[in-house]
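Undergrad: Here you go, sequence then predicted model.
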Amino acid sequence: MTFNPLEQRGIPLDRQLRNWRELNVKPIDPDHCDPYTRCRIITMNGIEVEAIMFSHQLARNTIDPEVKRQLAQTRYIEAQQQKVVNWLLPGVSSVLETTIAYEQVAVDLTAWIARMEPDPYLKQAYQFGVLEDFDHLYRYANLYEMIEHRKAESIVDGLTEVMPGRPTRFHHRNPVDNVRDPYDKDATDPLSKLHALTIMSAEQQTMNFYMNTGPTYMEPIARQLYQEIGLIEEEHVTHYESLVDPGETWWEQLVNHEYNECYLYYSFMEQESDPRVKAIWELHLNMELEHLHIACDLMRRHDGRDPESVLAPELPNVLTFEPNKGYLRELLDTQMDLTTLGAGYVQEAHERFEKMQEDIHGGEAPPSDRVMTEHDAMFGREYRVQTEGEHPDPSQREK
C-alpha cells in the first residue's frame, strides 16, 4: 500500500498540545524490550532534536514575525514529541548501556541505509562511516565489561555483532578530509535526501550525547574514551552534513525535515513490536502530517514553489531495523584500510593523514587502544560477540 503524506491530513495543530499526564510516558523495560524498539526510540529522538534546532536556526534567519510565530507554534509541539520519545528510555539504564544502544543504532541504521541508497557516492559515504561506528561499539562494549562487569550481549541481543571495525585510532583525519561533495538537489533521488538527513540527525545526536555525558564518569579511561570518540562523532557530522546540497532553500529544507519525520514515524509504526510504543509512533505521525502541510504552505508562500516539485510522490519502502551481519562482514573484508583524501577515499596513509595522526596521538596510545590493553590485563581476553564465525580480516582475529 502506498502512502502519500501530502494527501493525508493529521491532527489540527490547535489540538496537539499535551498536558503533563499525557507527557509522562512509562519507559521501556530494558531487560525485556526488543533491542530495536530502543534503537527506534534513539533514532527518533535524534530526528526530533534536529527538527527543533533547524526550526530555531530558521527563526533566527527570518525577519518576518508571522513566520517566527508559526515556527514557534510547531516547534513547541516538536519539543513535546522529543520529550515523549526520549523519556521512553529507562532511567535504570546506565549512560554506558545507552551508549552501546546508540552505537547499535549507528551500525544497523547506517548499514541498512547504505544497502538501500541508490547513489553510489552517497552509498560509499555510509559504507565508510559504518565501519567506524562498528569499532566504537566494540570499544564501548569492552569498557562496559571493565567498569560495570556486564556484557553488551544483554543490550544488542545477538542482533548486531561486536568485534573490531576500522580501528578507532585511524578515524582521526585532517578536518578538510572530512568534507564530502553534496548531492545535486535537482537531480538526486528524493530517497537520497531522506537518507542523508536521517543519518546526519542520528550522528549529530550521538555527538551531542557524548559531549554532555562523557565527563560525568569518574573512571579516567571512560572519560578519555568518550572524549576521543566524541571528537570522531564531530568528524562524522561533518562527513554526513556535507552530503546535503547547500543550495536547498530554507523552505525546501523545512519541508524535507517534516516529510522525513512522516517517513520515519510511519516506518517505525509499521514494524514496532511494542503496542504501547507503536501507539506513540502513530500519534506522532498524525501530528507530523499536519506539520508537513504547514511547512508546505510556508514554502508556497515564501519560496514561490510547489513542495511536490522537491518531495517524493509517496513514502519509500519503510526504513527497517534488522540485522546486517552479512553486509557488514563484506565491508569488513573489503574496506577496513580506507581513509579519506579531499572528497574521496584512498587506501594510502597520505601525508596529511599521517601528520594528523602524529599530532593528535603525540606518540602515545589513544584511549581506544588503552581501553583494550586495560581490558586484556583485567580479563586476559577481549570482549566480542561473533555469531557468524571468525572476523573476516585475519589481522583482526583474536590472538
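TA: It's in. Residues are numbered from 1 along each chain as shown.

Undergrad: use CA for all of it now, contacts and neighbours both
TA: Fine.

Undergrad: Excluding chain neighbours, what is closest to Pro12?
TA: Glu290 (6.4 Å; C-alpha to C-alpha, 6 or more residues apart in numbering).

Undergrad: quick one, phi/psi of the one you found?
TA: phi -70, psi -40 (degrees, to the nearest 10).

Undergrad: who's in contact with it?
TA: 9-13 (C-alpha atoms under 8 Å, 6 or more residues apart in numbering).

Undergrad: can we see that at 10 Å?
TA: Glu290 is in contact with 5-6, 8-13, 16, 74, 258, 262, 296, counting by C-alpha atoms under 10 Å, 6 or more residues apart in numbering.

Undergrad: same check, this time on Phe3
TA: Residues counted as contacts of Phe3 (C-alpha under 10 Å, 6+ apart) are 263, 266, 313-317.

Undergrad: pLDDT at it, what is it?
TA: The model reports Phe3 with a pLDDT of 89.

Undergrad: Which helix or strand contains it?
TA: Following DSSP states H and E, there is no helix or strand that holds Phe3.

Undergrad: do Val237 as well
TA: helix 220-241.

Undergrad: what do you get for Leu96?
TA: Per DSSP H and E: helix 95-116 holds Leu96.

Undergrad: Could you check how far that helix is from the centre of its chain?
TA: 7 Å (C-alpha atoms, centre = their mean, to the nearest Å).

Undergrad: packing partners for that helix?
TA: helix 35-60, helix 120-148, helix 153-156, helix 190-213, helix 220-241, helix 325-334 (3 or more C-alpha pairs under 10 Å, 6 or more residues apart in numbering; DSSP states H and E).

Undergrad: out of the ones you listed, nearest to Pro175?
TA: Within those, the stretch nearest Pro175 is helix 220-241; the backing value is 7.3 Å (C-alpha to C-alpha).

Undergrad: tell me the mean pLDDT over stretch 252-260?
TA: Regarding stretch 252-260, the rounded mean pLDDT is 98.

Undergrad: Can you redo the helices and strands packed on helix 95-116 as TSV, where the extra columns are mean pLDDT and mean neighbour count?
TA: Formatted as TSV, these follow (pLDDT from 0 to 100; neighbours: other C-alpha atoms under 10 Å):
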stretch	mean pLDDT	mean neighbour count
helix 35-60	98	21
helix 120-148	98	22
helix 153-156	97	18
helix 190-213	98	21
helix 220-241	98	21
helix 325-334	98	16
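
Undergrad: Could you measure from the residue nearest to Pro12 over to Thr99?
TA: 33 Å (C-alpha to C-alpha, to the nearest Å).

Undergrad: hmm, back to that, of all the helices and strands packed on helix 95-116, which one is nearest Pro167?
TA: The minimum distance between Pro167 and the helices and strands packed on helix 95-116 falls on helix 120-148, with 6.2 Å, by C-alpha to C-alpha.

Undergrad: Of the contacts of Glu290, which is the nearest to Pro366?
TA: Glu258 (40.3 Å).

Undergrad: what helix or strand is the closest one on?
TA: Using DSSP H and E, Glu258 sits within helix 250-271.

Undergrad: in that helix, what's buried?
TA: 250-269, 271 (16 or more other C-alpha atoms under 10 Å).

Undergrad: And stretch 101-118, by the same measure?
TA: Neighbour-count burial for stretch 101-118 [16+ other C-alpha under 10 Å]: 101-114, 117.

Undergrad: Looks to me like Tyr345 is in a strand.
TA: Yes: under DSSP: H, G, I helix; E, B strand; the rest coil, Tyr345 falls within a strand.

Undergrad: quick one: it and Val179 touch, right?
TA: No: at 11.3 Å, Tyr345 does not count as touching Val179 under the criterion of C-alpha atoms under 10 Å.

Undergrad: the more surrounded of the two?
TA: It is Val179, of Tyr345 and Val179, that has more neighbours when counted by other C-alpha atoms under 10 Å, with 22 against 15.

Undergrad: Can you tell me the closest non-neighbouring residue to that one?
TA: Excluding the flanking residues, the one nearest Val179 by C-alpha to C-alpha, 6+ apart is His239, at 5.4 Å.

Undergrad: Please report the distance of that neighbour from Cys262.
TA: His239 is 25 Å from Cys262, by C-alpha to C-alpha.

Undergrad: cool, and Leu88?
TA: The spacing between Leu88 and Cys262, counted by C-alpha to C-alpha, is 20 Å.

Undergrad: now Leu254
TA: 13 Å.

Undergrad: anything in contact with each of the two?
TA: 291-292.

Undergrad: right, and out of the buried residues of stretch 101-118, which lies closest to Pro27?
TA: Relative to Pro27, and with distances defined as C-alpha to C-alpha, the nearest of the buried residues of stretch 101-118 is Ala101, at 15.2 Å.

Undergrad: contacting residues for Val277?
TA: By C-alpha under 10 Å, 6+ apart, the residues touching Val277 are 25-28, 37, 40-41, 85, 88, 268-269, 283.

Undergrad: now swap in Thr334 and tell me
TA: 328, 392-393.

Undergrad: cool, and Gln73?
TA: The contact partners of Gln73, by C-alpha under 10 Å, 6+ apart, come to 13-14, 17, 67, 291.

Undergrad: And the furthest pair within the residues you listed?
TA: Top of the distance list for these (C-alpha to C-alpha): Leu17 and Val67, 19.7 Å.

Undergrad: ok now stretch 126-146, how far from the chain's centre?
TA: Distance of stretch 126-146 from the chain centroid (C-alpha atoms, centre = their mean) equals 14 Å.

Undergrad: What of stretch 237-244?
TA: The answer for stretch 237-244 is 12 Å, by C-alpha atoms, centre = their mean.

Undergrad: got it, and stretch 175-185?
TA: 18 Å.

Undergrad: Span of it from start to end?
TA: Using C-alpha to C-alpha, one end of stretch 175-185 lies 25 Å from the other.

Undergrad: Contacts for it, please.
TA: Defining contact as C-alpha under 10 Å, 6+ apart, one finds that stretch 175-185 is touched by 119, 121-122, 125, 172, 189, 192-193, 196, 234-248, 252, 310, 339-345, 352-353, 356.
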